[in-house]
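K.L.:
3D, please:
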Amino acid sequence: MHPEPAIPTLAEPAHAAPDDGRAEPGALRAGIGELVEVTTRVRAAVESVVSGRPSLAWLTVAVLLAEGHLLVEDVPGVGKTTLAKALARSIDCQVGRIQFTPDLLPSDLTGVNIFRAQTHEFEFRPGPVFNNIVIGDEINRASPKTQSALLECMEEGTTTVDGTSHRLPHPFLVVATQNPVEMEGTYPLPEAQRDRFMARLTVGYPDNAAEMLMLDRQEASSPLAHLAPVTTGATMLRLAELVRHVHASPAVKQYVLDVVGATRTHPSLRLGGSPRASLQLLKVAKASAAMAGREHVLPDDVQQLAVHVVAHRLILTTEARLAGITTQDIVAQVVERTPVPAASPGWR
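P.N.:
Numbers count the residues shown, from 1 in each chain. Model (predicted):
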C-alpha cells in the first residue's frame with residue numbers, strides 16, 4: 001500500500017495579477033478565505049467519524065471541489081462506506097445510496113419509464129443517480145453492464161433512458177467503494193470506468209491510537225447518527241466555481257504533462273495515463289492549493305496528488321505484475337524522476 005501523501009500546509013495567499021481569465025485579486029483572495037473556512041469545517045466533520053487519517057478527508061473534499069468522482073478501495077470493514085456517508089451528511093444536499101449486487105440492472109441506477117393506464121402516458125421515475133452525492137457500495141460486485149451505466153452520468157452529468165436524456169442535479173459527485181478484485185464475487189472495473197474517477201484512495205487500517213478512539217466514540221452510538229451538516233450543496237458549488245480561477249502557470253501545466261506523459265512510455269506499463277488524467281490532476285491540484293489558502297498551484301500540489309489521480313488508470317505489463325510491481329510504485333517513481341520546474345514569479 002502506498003503511503004498517504006503529506007497534508008499541504010496553509011500558506012499565505014499570493015498576490016496574483018488578473019491575467020489569463022483569472023478573477024480579480026481581491027475577490028479571489030476573499031473567496032479563498034471563505035473556501036478555507038468552509039472546507040476546514042467539512043474536513044473536521046468527516047474526521048470526527050473517520051478518525052486518525054486526515055489525508056482521506058483532505059483528498060475527498062478536494063475531489064468534490066474539483067467536480068470529480070472518487071473511488072475508495074480496500075478490504076471490507078476499514079471505513080470505506082463510513083467515509084462516503086460522513087461526507088454526504090456534512091453537506092446539506094440530496095444523497096442517494098446504491099448497494100451494488102450481481103443482479104442489479106442499469107435501470108435500477110438511472111430510472112425507468114412506467115406506463116400509466118389512467119393517462120395512457122409513460123411517466124419517468126428517476127433512479128438513485130438523481131442526487132447530488134451518490135454513494136455506490138461495492139461497485140465491482142455488479143456486472144460490467146451495470147457498472148457502465150454510470151459512464152454517461154459521471155462524464156456528462158446526464159443519463160439517457162429510452163432515448164430521452166435527463167440532466168442530473170448539480171453538484172454531482174459519485175463516491176464509489178470497491179473491494180479488492182481478488183475477493184470472491186467481484187468484477188474488475190472496465191478501464192473506461194476507472195478513467196472516469198478523478199482519484200482513488202485506499203483507506204488502510206488505522207493506527208492503534210485511532211482505532212482506540214473509534215472504540216471510545218462508538219461504544220454508545222455511531223458518530224454518524226449525530227453528524228449535522230456544516231455547509232450546503234449550493235455553497236460547495238459556488239466554491240467549486242472559485243477553484244477554476246486558481247492560477248496554474250505554464251511551467252506547472254508542463255510539469256503535469258511531463259508526469260503523466262512519462263507513464264505512457266514506461267516499460268512496465270501496457271497503458272499509460274490518458275489526457276483526462278492530465279486534466280483531472282490539474283483540477284484537483286487547484287482545489288488542493290485553494291484549500292491550503294493559495295491562489296496558485298505549486299509543483300508540490302501535483303506531487304502529493306499524482307499517485308491518487310494517475311495510478312488507477314494504468315495497466316501493468318504481465319512481467320511487471322508477476323514481479324509484484326504496482327501502479328502506485330510506478331507513479332511514485334515517475335514523480336521522483338521528473339524534473340521539477342524552478343521556482344519563478346510566473347507561478348503566481
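K.L.:
Using the three-state scheme, assign Arg97.
P.N.:
Taken by DSSP: H, G, I helix; E, B strand; the rest coil, the conformation at Arg97 corresponds to strand.
K.L.:
Local confidence estimate at the residue positioned nearest the centre of the chain?
P.N.:
The residue lying closest to the centre of the chain (CA atoms, centre = their mean) is Leu70, at 3.1 Å. pLDDT recorded at Leu70 is 93.
K.L.:
and what of Arg244?
P.N.:
Reading off the model, Arg244 has pLDDT 94.
K.L.:
where's it relative to Glu295, distance?
P.N.:
12 Å (CB to CB, to the nearest Å). C-beta: built from backbone N, CA, C; applies to glycine.
K.L.:
which SSE is the residue of the chain most remote from its centre in?
P.N.:
Most distant residue from the mean C-alpha position of the chain: Gln118, 44.3 Å away (CA atoms, centre = their mean). Applying DSSP states H and E as the criterion places Gln118 outside every helix and strand.
K.L.:
can you check Val174 too?
P.N.:
Here Val174 sits within strand 173-178, counting by DSSP H and E.
K.L.:
Likewise for Val310?
P.N.:
Secondary structure from DSSP H and E places Val310 in helix 299-310.
K.L.:
Kindly report the same for Val46.
P.N.:
Val46 belongs to helix 25-47, assigned by DSSP H and E.
K.L.:
Next secondary structure after that helix?
P.N.:
Next element after helix 25-47 (DSSP H and E): helix 54-65.
K.L.:
List the buried residues of that following helix.
P.N.:
Across helix 54-65, burial judged by 16 or more other CB atoms under 10 Å covers 55-65.
K.L.:
Outside of whatever helix or strand comes next after it itself, list whatever touches it.
P.N.:
Toward the C-terminus, helix 54-65 is succeeded by strand 70-73 as the next helix or strand (DSSP H and E). For strand 70-73, contacts defined as CB atoms under 8 Å, 6 or more residues apart in numbering pick out 59-60, 63, 80, 83-84, 139, 173-180, 189, 194, 197-203, 312.
K.L.:
give me that answer again for 6 Å
P.N.:
With contacts defined as CB atoms under 6 Å, 6 or more residues apart in numbering, strand 70-73 is touched by 63, 80, 175-178, 197, 199-202.
K.L.:
between the residues you listed, which is closest to Ser90?
P.N.:
Val175 (12.4 Å; CB to CB).
K.L.:
What is the burial count for the closest one?
P.N.:
27 (other CB atoms under 10 Å).
K.L.:
correct me, but it touches Ala84?
P.N.:
Yes: using CB atoms under 6 Å, Val175 is in contact with Ala84, at 4.0 Å.
K.L.:
Overlap in contacts, the two.
P.N.:
With contacts defined as CB under 6 Å, 6+ apart, the residues shared by Val175 and Ala84 are Ile135.
K.L.:
pLDDT score assigned to Ala14?
P.N.:
38.
K.L.:
Take the contacts of strand 70-73 and lay them out in a markdown table including distance to Ala342.
P.N.:
Below are these laid out as a markdown table (distance: CB to CB, whole Å):
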| residue | distance to Ala342 |
| --- | --- |
| Val63 | 30 |
| Lys80 | 40 |
| Val175 | 38 |
| Ala176 | 39 |
| Thr177 | 41 |
| Gln178 | 39 |
| Phe197 | 33 |
| Ala199 | 28 |
| Arg200 | 31 |
| Leu201 | 31 |
| Thr202 | 33 |
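K.L.:
Pull out the buried residues from these.
P.N.:
Buried by 16+ other CB under 10 Å: 63, 80, 175-178, 197, 199-202, out of the contacts of strand 70-73.
K.L.:
List just the nearest of the residues you listed to Arg238.
P.N.:
Closest to Arg238 out of the buried ones among the contacts of strand 70-73 is Val63 (17.0 Å), distances taken as CB to CB.
K.L.:
If you count contacts, what does the helix holding Val310 end up packed against?
P.N.:
strand 199-202, helix 250-264, helix 275-291, helix 327-337 (3 or more CB pairs under 6 Å, 6 or more residues apart in numbering; DSSP states H and E).
K.L.:
and the ones you listed as a markdown table, adding distance to Ala343 and mean pLDDT?
P.N.:
Putting these into a markdown table (distance: least, CB to CB, whole Å; pLDDT from 0 to 100) gives the following:
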| stretch | distance to Ala343 | mean pLDDT |
| --- | --- | --- |
| strand 199-202 | 26 | 90 |
| helix 250-264 | 9 | 96 |
| helix 275-291 | 15 | 96 |
| helix 327-337 | 18 | 95 |
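K.L.:
which other helices and strands contact the helix holding Val46?
P.N.:
helix 54-65, helix 80-90, helix 275-291.
K.L.:
make it 7 Å
P.N.:
The contact analysis (3 or more CB pairs under 7 Å, 6 or more residues apart in numbering; DSSP states H and E) places helix 25-47 against helix 54-65, helix 80-90, strand 231-232, helix 233-243, helix 275-291.
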